[in-house]
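Chemist: here you go, sequence then predicted model.
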Amino acid sequence: MTDIERRLRDLGERVRAEQRTTALQPETIRAAKRRRLGTALSGLVTVTALVFAASLAAANLGDQSDRVGPADDPTGTTTNILYSHLGPDERAEIFFDVDGGQVCYALDSLDEYGTFTRVEIVKGLEEKSAVVHSPPPYRGRSPEPGSRECVAGVDGAVLNEILVSPDDYFLLLEDPLNGERVSSLVSGKKVDAPACGPPVDFEPTYLPQGWIKELQPGSGGGAAWDVVGHYGMAGEARTEKASAGFAELFAGESPYPLGGGEKIRVLDEPARFGAIHEGFAVEFSQRGCEYALIGYMDGKELKRFAQGLRLPGERVPAKPSDGEDFAAIWPEDTYEHAEEACASAAHEADSWRADPERTALKFGAVVLGWDDPVLAESEEKYNQDYAYELRPAPSSRAGVIVFPVLIDQGWCWAIGSVSQLPEHQPEHHGSMSVQDRDVYMRFDTGGATSAVFEVGYGGQTSRHIWYAGDDEAVEFRLDFEPRGTGHFLVLLRDENDVVFSAFGSPLPEGSFAAG
Amino acid sequence: METAIRATRRRPSFEELYAAHGPDARRVAYLLVGDRVQAEDVAQEAFVRVLGRFGDLRKPEAFRTYLMRTVVSLSKNHFRRRSLERRHAHAGRPPMPDAPERDDDLFDALKKLPERQRAALVLRYCEDLSEHQTAEILNTSTKAVKSLVTRGLAAMREEVAR
């Protein structure tokens, strides 16, 4: 250990020792603060005035009010710089047009700071200050949303320098007429892709409990330099129920490193989900821009929320993107019904449809009639992303394999098909046909005492109950005209009318025959 | 049994968190900004911000890391603003009395370092944190911490030798 290292450790120890005595105790500090307050207040006006005077001198701009006014829209040479104040909801958006030698301000991004008459970009603190620009872009007016005001005649070389090192520059907002500085802004941040910032118009289709769909301004909780906004409960509700969590949307990569990360898809593009040390994050991109959702909430919920994001006007897609017919047996067997149900489920307090496991369990309870079904990951390999063994009880020999399907790349799940456990699989596959309204089904009933044969189309279903001893070929007529896609489901029951196995699959539109 | 489980999962109160981490936050802030009063401001503001964000901490062990990160961040900006005000004030009139808080060449040298180097040295040596812990607080890699520490120590040696 070097001498400096040893002395630094000693310094830490000495400060700790002071804390144990009185010098760094809060009471002592507060007393010192009270003593200092008078001095600070008396110096404030002077400091502000000096800043004002020094600014004019350094900038040597004289009266530039005639240069202030709307300018042409920034061209492709414009680069955004985002200056953030310490407050979570405060930021100033500034556009640097290097080729045009002008600086443009998004006025509505400045009005959070109150009335001010001067904006200065000030260079550096460790070296001599130089005011880059000092005319007044804002005079207490109520700016129109999206309005900009530009100041021309700024040295392009200086602007270039700011773009290279935005952190070296600071923004001062002042109201020298009233003798006070409104605010100083620090920590400039270059935003390389202007189109990636706000407005962001993603539409959530899945909402955790109590959340609202709208992107709310500012961060959800603490300091956040580049946050575009946050999703969560409405402001007042969130205050009352902090446990609901929230997700902040950032333009660019996650400000916190993702350890590892799971590959998912968001907005139909590759995305990454992972843990950060205080919560979870999703990095995704859209239209060439990168975004990050930082969720201080349950990780699964954040993932569902991200997967449920849509672009404006985009339908909640229930139809597979490869153009094939919609393929699910439950809860819906048509695209239209699934779309409607998923949109509605997005507003449910605790939607089981956002989770494949809970969807499978719901299928076990509602369709198979099991009181307390249990799931296990299937050890068999299937050509499906998700396959679970679903049983009425952990040790039960009864059970099925269910295949939940994610409806397109969204968040909403359905049961794509169900098949018998490997040990229940019959030696001979059956056959089936649907001709207009006439259904013919022949299956190995596997020792069932009774079986329910169900065929549905477009939300309508016909059932036929088979009993042991009957002919194993079942024929019945649908109570409706089959339209659109459909499904069939066979529930095999024991002597107590309890389902011990089942199989079922989607049916295509129109007449069908297989087997 | 249920009572015991609940007791261990009870969320710590603000007072408990402040009692547990307040001295660390004040100390690090003081070492970074070099002013007791400002250090107290920084520490309190950091607490308010972190508690505001993590009202429902699932990982209490992350509280300290995030608190320290916020302290470092606020100290940096506090230092910048103070420096700016002081320089402008000096431009037109004698400087306001700002006696050094500590008669210590090491402390003065520390205050002259770039912010991240200063933070790295304070966390690594004064706080005796590991490179990994320092990296977490500074939100960077351990490699970057090593570099910051090496450069910071070199600058300190040079400054102290003057």
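Modeler: On my side now, so go ahead. The structure presented is a predicted model; accordingly, all values stated were derived computationally and were not measured. Numbers count the residues shown, from 1 in each chain, chains lettered A, B, ... in the order given.

Chemist: so what's the residue in the stretch 1-150 of chain A that chain B sits nearest to up against?
Modeler: The nearest approach of the stretch 1-150 of chain A to chain B comes at residue A:12, 3.1 Å away (C-beta to the nearest C-beta). Any C-beta I mention is one placed from the backbone N, CA and C, and that applies to glycine too. By C-beta atoms under 8 Å, 6 or more residues apart in numbering or on different chains, the residues touching residue A:12 are B:27, B:31, B:122, B:125, B:126, B:127, B:128.

Chemist: now the helices: where do they sit in the chain?
Modeler: Using chain A here. Per DSSP state H, chain A carries helices over the ranges A:3-20, A:26-59, A:156-164, A:235-240, A:299-307, A:335-345, A:356-366.

Chemist: try again with chain B
Modeler: Counting by DSSP H, the helices of chain B are B:2-9, B:14-33, B:36-53, B:61-92, B:105-112, B:115-121, B:131-138, B:142-161.

Chemist: for these, which one sits closest to residue A:202?
Modeler: Across the helices of chain B, residue A:202 has its closest neighbour in helix B:36-53 (22.4 Å, C-beta to C-beta).

Chemist: from the contact counts, what lies against that closest one?
Modeler: With contacts defined as 3 or more C-beta pairs under 8 Å, 6 or more residues apart in numbering or on different chains; DSSP states H and E, helix B:36-53 has these neighbours: helix A:26-59, helix B:14-33, helix B:61-92.

Chemist: and the second one, does that touch chain A?
Modeler: In this case it means helix B:14-33. Yes - counting by C-beta under 8 Å from any C-beta of the partner chain, chain A is contacted by helix B:14-33 at B:22, B:23, B:26, B:27, B:30, B:31.

Chemist: now the buried members of those.
Modeler: In these, burial by neighbour count holds for B:22, B:23, B:26, B:27, B:30, B:31, counting by 16 or more other C-beta atoms under 10 Å in any protein chain shown.

Chemist: those residues into CSV, with extra columns for pLDDT?
Modeler: Shown next, in CSV, are those (pLDDT from 0 to 100):
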residue, pLDDT
B:22, 81
B:23, 84
B:26, 86
B:27, 89
B:30, 87
B:31, 88
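
Chemist: out of the residues you listed, flag the one nearest to residue A:215.
Modeler: Distances from residue A:215 to those, taken by C-beta to C-beta, are shortest for residue B:22, at 35.1 Å.

Chemist: what's near enough to touch the nearest residue to residue B:31 once chain neighbours are set aside?
Modeler: Sequence neighbours aside, residue B:122 is the residue nearest to residue B:31 in space, at 4.5 Å (criterion: C-beta to C-beta, 6 or more residues apart in numbering or on different chains). Contacts for residue B:122 (C-beta under 8 Å, 6+ apart) come out as A:8, A:12, B:28, B:31, B:32, B:110.

Chemist: let's see that with 7 Å instead.
Modeler: B:28, B:31, B:32 (C-beta atoms under 7 Å, 6 or more residues apart in numbering or on different chains).

Chemist: out of the residues you listed, who's nearest chain A?
Modeler: Checking those against chain A with C-beta to the nearest C-beta, the nearest one is residue B:31 at 6.3 Å.

Chemist: could you dump the contacts of residue A:12 into JSON lines and include distance to residue B:105?
Modeler: Output for the contacts of residue A:12, formatted as JSON lines (distance: C-beta to C-beta, whole Å):
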{"residue": "B:27", "distance to residue B:105": "20"}
{"residue": "B:31", "distance to residue B:105": "15"}
{"residue": "B:122", "distance to residue B:105": "16"}
{"residue": "B:125", "distance to residue B:105": "16"}
{"residue": "B:126", "distance to residue B:105": "16"}
{"residue": "B:127", "distance to residue B:105": "21"}
{"residue": "B:128", "distance to residue B:105": "22"}
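
Chemist: dump the residues of helix B:14-33 next to chain A to TSV, plus distance to residue A:252.
Modeler: TSV is the format used below for those (distance: C-beta to C-beta, whole Å):
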residue	distance to residue A:252
B:22	34
B:23	36
B:26	33
B:27	34
B:30	33
B:31	32
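
Chemist: of those, which pair is most distant in space?
Modeler: B:22 and B:31 (15.0 Å).

Chemist: kindly report which one of the helices of chain A carries the lowest mean pLDDT.
Modeler: Mean pLDDT values for the helices of chain A show the minimum at helix A:26-59, a mean of 30.

Chemist: circling back to that earlier point, out of the contacts of residue A:12, who's nearest residue A:100?
Modeler: Closest to residue A:100 out of the contacts of residue A:12 is residue B:122 (43.8 Å), distances taken as C-beta to C-beta.

Chemist: look up how far residue A:354 lies from that closest one.
Modeler: From residue B:122 over to residue A:354 the distance is 45 Å, taken as C-beta to C-beta, to the nearest Å.
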